[in-house]
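K.L.:
model the structure of this input:
(one chain, ligands or ions: 2)
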Amino acid sequence: MPHDLPKAYDPTAIEDRWAAYWVEENLFAQPTPTAGAAPGGEPFTILLPPPNVTGRLHMGHMLNQTEMDILTRWRRMSGRRALWLPGTDHAGIATQMMVERQLAEEGKTRQQLGREAFVERVWAWKRHYGGAILDQMKRLGASVDWSREYFTMDENLSVAVREAFVRLYEQGLIYRGAYIVNWCPRCQTAISDLEVVYDEHKGHLWEIRYPVLGDDGKDTGEFLTVATTRPETMLGDVAVAVHPEDERYLHLHGKKLRLPLVGREIPIILDEWVSRDFGTGAVKVTPAHDPNDFALGERHHLPSINVMDDTGHINAEGGAYAGLDRFVARKHIVADLEKQGLLAGIKDHTHNVGHCDRCKTVVEPRLSTQWFVAVNKKVEARGASMAELAIAAVKPGADGKKAIRFTPEMYEKTYLNWMENIHDWCISRQLWWGHRIPAWHCAVCHKITVPLPNSKGDPAACAHCGSAEITQETDVLDTWFSSGLLPVSVFGWPNFTTRNMGAPGPDSGTWEGEPNRADFDAFYPTSLLVTGFDILFFWVARMIMLGCWFSGEIPMPDGSPRALSESVPFKEVYIHALVRDANREKMSKTKGNVIDPIEIVKQYGTDAVRFTLASMASPGTDIAFNVARTEGYRAFANKIWNAARFIFMNVDRAAEIGIAVDRAQLGGMPTVREDAPLEARWIVAELQATVAKVNQALASYRYDDAANTIYQFFWGSFCDWYLEIVKLRLDFSETADKSKTKEALTTLVSVFEAALRLLSPFMPFLTEELWHAVYDGNPPAKSVALTTFPMRDGTPPESAYDPDIFEMVAVQQIVTGYRALRKDSGVPEKELVSGQFNPYPMHGMNAAGVVAHHGDIFRHLAKISEVRLEPITYRNVRPEANFEIAIDYVTTIDIPAERDRLTKDIAKYEKGLAAAERQLGNESFLAKAPAHVVEGLKKQESETRTLLEKAKAALAALPPE
Ligand SMILES: [Zn+2]
Ligand SMILES: [Zn+2]
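P.N.:
Residues are numbered from 1 along each chain as shown. Ligands and ions are numbered 1, 2, ... in the order given. Below is the predicted model of the structure:
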């Protein structure tokens, strides 16, 4: 019988089973809406930020996925048509690098394999290992629609990428041009500005003397000195620039210089961009190796001489230095200059050096031909540029509303600032793994042929001269180009062919049949994006640009034009915080403080880890992950487990005498009769107030408030109070009033069942197990996740003044007061004593009523046999906020021994307090000590102070000898 839960809560025994069940049963699939079918609630659509196919789950993923899963489960249970779409990214550079490393271990290179065989090898890797991170996600219980799982290189998504490229090309928004890019000589590809990490580097500034030539072309004996941090680039110098008003160089206007080591004659040019104050005020101009020099070169119509090859070695343009690695060449060049007396000086110089984010190689700014999207170019038919639309989507519209809302709001400014200063987007990468650019070069007329929009198949001939000698561009597209299209492409854009669903999985579906926009019409725009700050520009900004641009071309289902508010890829963006270690340090491999979520899950169970993250997650606050907390939440899960065992045991006992829970009362928001016992009325009111708070907290991304509210309800209200009191009502004796027992049992089970539903978005495994057990193998749904969140009449109740809550609070205060007094007076735990109770008149509490009605509670919970409403006559009185109490118990203590003990304690506390105060008053200690140490010390100080006060009071209360 399912009621027979194992004695101990063991997450490993239940979590694997339910994780597999949810996937196998395809429980969270959201089918394509069909004509005529009931719509089934407003959609809640959320896209998983696709992890790299090479990835492994880290704590950031776990936080991100926990937050998404809580919201998706909550919205689904609140009646929304929830769709959470999973998938993986082909991750161009990362995946290519990884397979290249594998090849290197076999002593091979990708060049030896050739492009086709290499790409096949990557696919083979992907088919074998590629799903690992999604398998980890399944184990964490993410309630995603696995039947819609995608991979950014899937056939249908590749069609979308090609269509996006050709449409932008047709609209004049894609061009090919020579530009200075960040080149990684290791990865041998251009990388974006965002993929370059800058480190401060202690380097040098080399000062080089360039001989000035006379009108006869011979050395005049005069030199012009330039300064550089990259001397090897001088091989590509085509001029030296000075400020036109720089008085030091007025006499050199129109003169030429001889480039040392190379011998080329180069002009002195005048440009106001040159800073007279930096270095010597004379700047060498190398257009092929520096973005500023490139701009100078354009202004002055100078040639560009690229002196390096793709691997960072000097090429034939470098004469004697050809074939040398750039840093080796640097050493030779400096030595040769010195020999020739042309090195004026070497100065220490600290500057920022860019490194490739993937492989940490020093990035070489270098001229190369790349493909770009002109994001700032206005298209007449659209009345805006891509960037302008993406800006308008985040700013308040004419109606004052924003089409996309950021939480925390500060990221809106970060986004707008970046978008308002955005440059053309370099979308080509010199990789083999990725979407190959759909453009063909003609060997005859050298023009480019790009297929027409909506065309199928590759072009067979040049569109300009008709030649069949055309070859496809070898570059692939930036990975973010395809992931930026996901919000439209996952719903079938551009062709809206229907997916013929097979078994769940990325390779199962085929795309065919009549165009069907039902998915797009139902689920676009998506509701929410939950992601990290690190990909705000990479991904979020690109999705907004591409999403607004392409969906804006699609009319609404009724044929009307699509407003910007309906073109955006998502309506809300929640940027989650970082997970740090317990000391608030950033996790890093070098520090060795990385927490592996899978390891922690193995130790404490997924539910406890999820709850830990949720209990600390709120907008803009980083999480200091502390396993002590996770241990605490495992204990919380255990407490709920034990509560379930207690409840099921009573259900079984009731069954033996023919009492059954009224099942009609389960599944909604529990209700009670007005004359039900106080604890029943109170726990239902508490549950309602808890649901209201949780709804409110989740609507504003206060996961912490939601989790802590549920925790307090379950642990405090339900377990510590309600369960203890309800034991009095579960009367299974011969003489019992069976209808009352049945009623109490039904309230108990219905409140527990509702509380499981409330908790399930946070702890899906534990609640699934217990919820099925509540229904004893005959549940009304396949999963607790498919039931409704506890709500009354569809809306959460307003929390308001409730006399039941007020009365219960009084009962709790009296019980707590008596318990403390018993302890202070040394009453043996099980001994029943009677007591006095004296309410203060001004508080309006019907004290006589409370005391008269709840004698059984005081007897059971505080072991007070009888409470007499009368003035206090004993010395050991305990004053509370609303009343004072005393017990009929004579304390027999050895007064001199007690005085001795208390005096010693007081001395000890005073000493400890003084030490803590000294330390907390020490500014330099406070400045250096980690936050948790200071916090601990403060806590210790306040606890010692309390103990000291208690000991002093006890000493004063001792009778004279
Ligand atoms: Zn690299
Ligand atoms: Zn041609």
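K.L.:
which helix in the protein has the most residues?
P.N.:
helix 627-656 (DSSP state H).
K.L.:
and that helix, what other elements does it pack with?
P.N.:
If you count contacts as 3 or more C-beta pairs under 8 Å, 6 or more residues apart in numbering; DSSP states H and E, helix 627-656 packs onto helix 597-604, helix 606-616, helix 738-759, helix 764-774. (Each C-beta comes from the backbone N, C-alpha and C, glycine too.)
K.L.:
tell me which of those helices sits most buried.
P.N.:
Scoring the helices and strands packed on helix 627-656 by mean neighbour count under mean count of other C-beta atoms under 10 Å gives helix 606-616 as the most buried, with a mean of 27.
K.L.:
SS state for residue 731?
P.N.:
coil (DSSP: H, G, I helix; E, B strand; the rest coil).
K.L.:
ok, now which ones touch the closest residue in space to it that isn't next to it in sequence?
P.N.:
Spatial nearest neighbour of residue 731, excluding adjacent residues (C-beta to C-beta, 6 or more residues apart in numbering): residue 741 at 5.3 Å. By C-beta atoms under 8 Å, 6 or more residues apart in numbering, the contact list for residue 741 reads 654, 659, 729-732.
K.L.:
same check, this time on residue 654
P.N.:
Contacts of residue 654 were listed using C-beta under 8 Å, 6+ apart, and they are 660-661, 730, 732, 741-742, 745.
K.L.:
so what touches stretch 831-844?
P.N.:
Contacts of stretch 831-844 from elsewhere in the structure, counted by C-beta under 8 Å, 6+ apart, are 814, 818, 821-822, 827, 845, 847, 851, 859, 863-874, 882-889.
K.L.:
the residue nearest to residue 469 when sequence neighbours are not counted: how many residues sit nearby?
P.N.:
The shortest distance from residue 469 to any non-neighbouring residue, by C-beta to C-beta, 6+ apart, is to residue 443 (3.9 Å). Residues lying near residue 443 (other C-beta atoms under 10 Å) number 11.
K.L.:
again, but for the one 3 residues further on
P.N.:
Neighbour count for residue 446, taken as other C-beta under 10 Å: 10.
K.L.:
quick one: classify it as helix, strand or coil.
P.N.:
Classified using three-state DSSP, residue 446 is coil.
K.L.:
what parts of this structure come near ligand 2?
P.N.:
Residues of the chain lying close to ligand 2 by C-beta under 5 Å from the ion are 442, 444-445, 462, 464-465, 467.
K.L.:
any weak-confidence spans in the stretch 701-850 of the chain?
P.N.:
The stretch 701-850 of the chain contains residues with pLDDT under 70 at 792-803, 841-845.
K.L.:
in it, what residue is nearest ligand 1?
P.N.:
residue 701 (36.3 Å; C-beta to the ion).
K.L.:
what helices or strands is the helix or strand hosting residue 351 leaning on?
P.N.:
Assessed by DSSP states H and E, residue 351 sits inside strand 343-356. Secondary-structure packing of strand 343-356 (3+ C-beta pairs under 8 Å, 6+ apart): strand 196-213, strand 219-228, helix 326-339.
K.L.:
at 6 Å what do you get?
P.N.:
With contacts taken as 3 or more C-beta pairs under 6 Å, 6 or more residues apart in numbering; DSSP states H and E, strand 343-356 sits against strand 196-213.
K.L.:
what's the strand it packs on packed up against?
P.N.:
Partner elements for strand 196-213 (3+ C-beta pairs under 6 Å, 6+ apart): strand 219-228, strand 256-258, strand 343-356.
K.L.:
avg pLDDT for the one helix or strand residue 416 maps to?
P.N.:
Residue 416 belongs to helix 410-420 when assigned by DSSP H and E. Helix 410-420 carries an average pLDDT of 94.
K.L.:
stretch 907-921 now?
P.N.:
90.
K.L.:
low-scoring stretches of the stretch 451-600 of the chain, by residue?
P.N.:
497-514.
K.L.:
need the residues of it near ligand 1, please.
P.N.:
Counting by C-beta under 5 Å from the ion, no residue of the stretch 451-600 of the chain is near ligand 1.
K.L.:
how about the strands in the stretch 451-600 of the chain?
P.N.:
470-472, 476-477, 497-500, 510-515, 526-532, 570-576, 579-580 (DSSP state E, counting those that start in this stretch).
K.L.:
can you put these in CSV and add mean neighbour count?
P.N.:
As requested, these are exported to CSV (neighbours: other C-beta atoms under 10 Å):
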stretch, mean neighbour count
strand 470-472, 15
strand 476-477, 24
strand 497-500, 16
strand 510-515, 12
strand 526-532, 22
strand 570-576, 22
strand 579-580, 20
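K.L.:
I'd like those as JSON lines, with distance to residue 246 appended.
P.N.:
Listed next are the strands of the stretch 451-600 of the chain as JSON lines, based on distance: least, C-beta to C-beta, whole Å:
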{"stretch": "strand 470-472", "distance to residue 246": "50"}
{"stretch": "strand 476-477", "distance to residue 246": "45"}
{"stretch": "strand 497-500", "distance to residue 246": "66"}
{"stretch": "strand 510-515", "distance to residue 246": "65"}
{"stretch": "strand 526-532", "distance to residue 246": "48"}
{"stretch": "strand 570-576", "distance to residue 246": "48"}
{"stretch": "strand 579-580", "distance to residue 246": "51"}
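K.L.:
which one of those strands lies nearest to residue 392?
P.N.:
Using C-beta to C-beta as the measure, strand 570-576 is the one of these that comes nearest residue 392, at 14.6 Å.
K.L.:
ok, residues contacting that closest one?
P.N.:
Contact with strand 570-576 is made by 63-64, 67, 405-407, 411, 525-530, 533, 701, as judged by C-beta atoms under 6 Å, 6 or more residues apart in numbering.
K.L.:
now with 8 Å?
P.N.:
Strand 570-576 is contacted from outside by 47, 63-64, 67, 403-408, 411, 487, 525-533, 536, 540, 543, 547, 617, 619, 701, using C-beta under 8 Å, 6+ apart.
K.L.:
just the buried ones from these?
P.N.:
Buried members of the contacts of strand 570-576, scored by 16 or more other C-beta atoms under 10 Å, are 47, 63-64, 67, 403-404, 406-408, 411, 487, 525-532, 536, 540, 543, 547, 617, 619, 701.
K.L.:
any idea where the strands of the stretch 51-200 of the chain begin and end?
P.N.:
Under DSSP E, counting those that start in this stretch, the stretch 51-200 of the chain gives strands at 81-85, 87-88, 150-151, 174-184, 189-191, 196-213.
K.L.:
just checking, what packs against the first one?
P.N.:
Read that as strand 81-85. strand 43-47, helix 59-77.
K.L.:
tell me the buried residues in it?
P.N.:
For strand 81-85, by 16+ other C-beta under 10 Å, it's 81-85.
K.L.:
got the CA positions of it in PDB?
P.N.:
Presented in PDB, the C-alpha positions along strand 81-85 are these (Å, rounded to 0.1, in the frame of the first residue of the first chain):
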ATOM      1  CA  ARG A  81      -0.800  27.000 -20.900                       C
ATOM      2  CA  ALA A  82       2.800  26.500 -20.000                       C
ATOM      3  CA  LEU A  83       5.400  25.800 -22.600                       C
ATOM      4  CA  TRP A  84       9.100  25.600 -21.600                       C
ATOM      5  CA  LEU A  85      11.300  24.900 -24.700                       C
END
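K.L.:
neighbouring strands - and their directions - for it?
P.N.:
strand 43-47 (parallel) (DSSP bridges).
K.L.:
list the contacts for residue 101?
P.N.:
So residue 101 contacts nothing (C-beta under 8 Å, 6+ apart).
K.L.:
quick check: the gap between it and residue 116.
P.N.:
20 Å (C-beta to C-beta, to the nearest Å).
K.L.:
okay, the residue of the chain most remote from its centre: pLDDT?
P.N.:
Most distant residue from the mean C-alpha position of the chain: residue 216, 68.3 Å away (C-alpha atoms, centre = their mean). Per-residue pLDDT puts residue 216 at 87.
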